[in-house]
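Asker: Sequence and predicted structure, then a few things I'm wondering about:
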Amino acid sequence: DGGITQSPKYLFRKEGQNVTLSCEQNLNHDAMYWYRQDPGQGLRLIYYSQIVNDFQKGDIAEGYSVSREKKESFPLTVTSAQKNPTAFYLCASSIRGRGSNQPQHFGDGTRLSIL
Amino acid sequence: AQTVTQSQPEMSVQEAETVTLSCTYDTSESDYYLFWYKQPPSRQMILVIRQEAYKQQNATENRFSVNFQKAAKSFSLKISDSQLGDAAMYFCAYRRTGANNLFFGTGTRLTVIP
């Protein structure tokens, strides 16, 4: 079955440490996204990528970095510069296309906590 | 800037009854898409229904339907014959035509009472 796989499900970060969240999709989607979800809030866009080797900052990109070396993979690194990283992180993908009404498909998420 | 507002943090409905969740949005665009996503306790986001702004007809998916009022910038979700499995957080989302990123509201937590 096609879908989006995020790993790990739970992740703990020590102070000053960088951690990387994995996101893999086998839907053959061009576009991929990373969102952050905090309690009582909706999802906020961190980064997105419409094609391989290209990505754009979202609304809250500070303290995060991404890469898109393969169509299937869009890992997110939470750097030590992100001072409040505790949150639920969701990866999504979609068909790319101007005027497309195709929805984004989401993974199961990764919960990141600070030790 | 686009904003999406869900003014009902929590709603409850009796099983088999009907409930309506509210959503308003602010945009200067004339062409865009609107979505309702469901997030059950498993935390996965599941698409419930979508609406193209250029379509006057309200979208319907089985027990789920929307009331899209473009002039009022309102996009409410109606759930008919509510089931226990409908209990979840519901998020309204907006996307401008030609863009890929979604703007989400803060969500409404729906409880279904047996």
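Answerer: Good, I have the coordinates.

Asker: drop to CA atoms for contacts and neighbour counts, all remaining ones
Answerer: Fine.

Asker: So, low pLDDT: which residues of chain A?
Answerer: A:1, A:97-101 (pLDDT under 70).

Asker: tell me which element the spatially most central residue of chain A falls in.
Answerer: With distances taken as C-alpha atoms, centre = their mean, chain A has A:W34 as the residue nearest its mean C-alpha position (2.6 Å). For A:W34, the enclosing helix or strand under DSSP states H and E is strand A:31-37.

Asker: Give me the neighbour count for the residue lying closest to B:P114 once chain neighbours are set aside.
Answerer: Excluding the flanking residues, the one nearest B:P114 by C-alpha to C-alpha, 6 or more residues apart in numbering or on different chains is B:E15, at 5.3 Å. Neighbourhood size, B:E15 [other C-alpha atoms under 10 Å in any protein chain shown]: 17.

Asker: Please apply the same query to A:Q50.
Answerer: 21.

Asker: Please name the bridge partners of the most centrally placed residue in chain B.
Answerer: Central residue of chain B (C-alpha atoms, centre = their mean): B:W36, 3.4 Å from the mean position. For B:W36, the beta-bridge partners under DSSP bridges are B:I49, B:C92.

Asker: For chain B, just list every one of the strands.
Answerer: For chain B, the strands defined by DSSP state E cover B:3-5, B:10-14, B:19-21, B:24-26, B:32-39, B:46-52, B:60-61, B:64-69, B:74-79, B:88-96, B:103-104, B:108-113.

Asker: so can I have TSV of those strands showing mean pLDDT?
Answerer: Formatted as TSV, the strands of chain B follow (pLDDT from 0 to 100):
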stretch	mean pLDDT
strand B:3-5	92
strand B:10-14	97
strand B:19-21	98
strand B:24-26	96
strand B:32-39	94
strand B:46-52	93
strand B:60-61	94
strand B:64-69	97
strand B:74-79	98
strand B:88-96	94
strand B:103-104	92
strand B:108-113	97
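
Asker: gap between the residue nearest to the residue nearest to the centre of chain A when sequence neighbours are not counted and chain B?
Answerer: With C-alpha to C-alpha, 6+ apart as the criterion, A:W34 has its nearest non-adjacent residue at 4.6 Å, and that residue is A:C91. According to C-alpha to the nearest C-alpha, to the nearest Å, A:C91 and chain B sit 10 Å apart.

Asker: would you say A:C91 is within a helix?
Answerer: No - secondary structure of A:C91 (DSSP: H, G, I helix; E, B strand; the rest coil): strand, not part of a helix.

Asker: and the gap between B:F104 and A:Y89?
Answerer: According to C-alpha to C-alpha, to the nearest Å, B:F104 stands 14 Å off from A:Y89.

Asker: and residue 82, how many neighbours?
Answerer: Looking at chain A here, since you left the chain open. 14.

Asker: ah, I was thinking of chain B
Answerer: So B:S82, with other C-alpha under 10 Å, has 22 neighbours.

Asker: returning to what we had before: so who does the residue nearest to the centre of chain A touch?
Answerer: A:45-48, A:76, A:89-92 (C-alpha atoms under 8 Å, 6 or more residues apart in numbering or on different chains).
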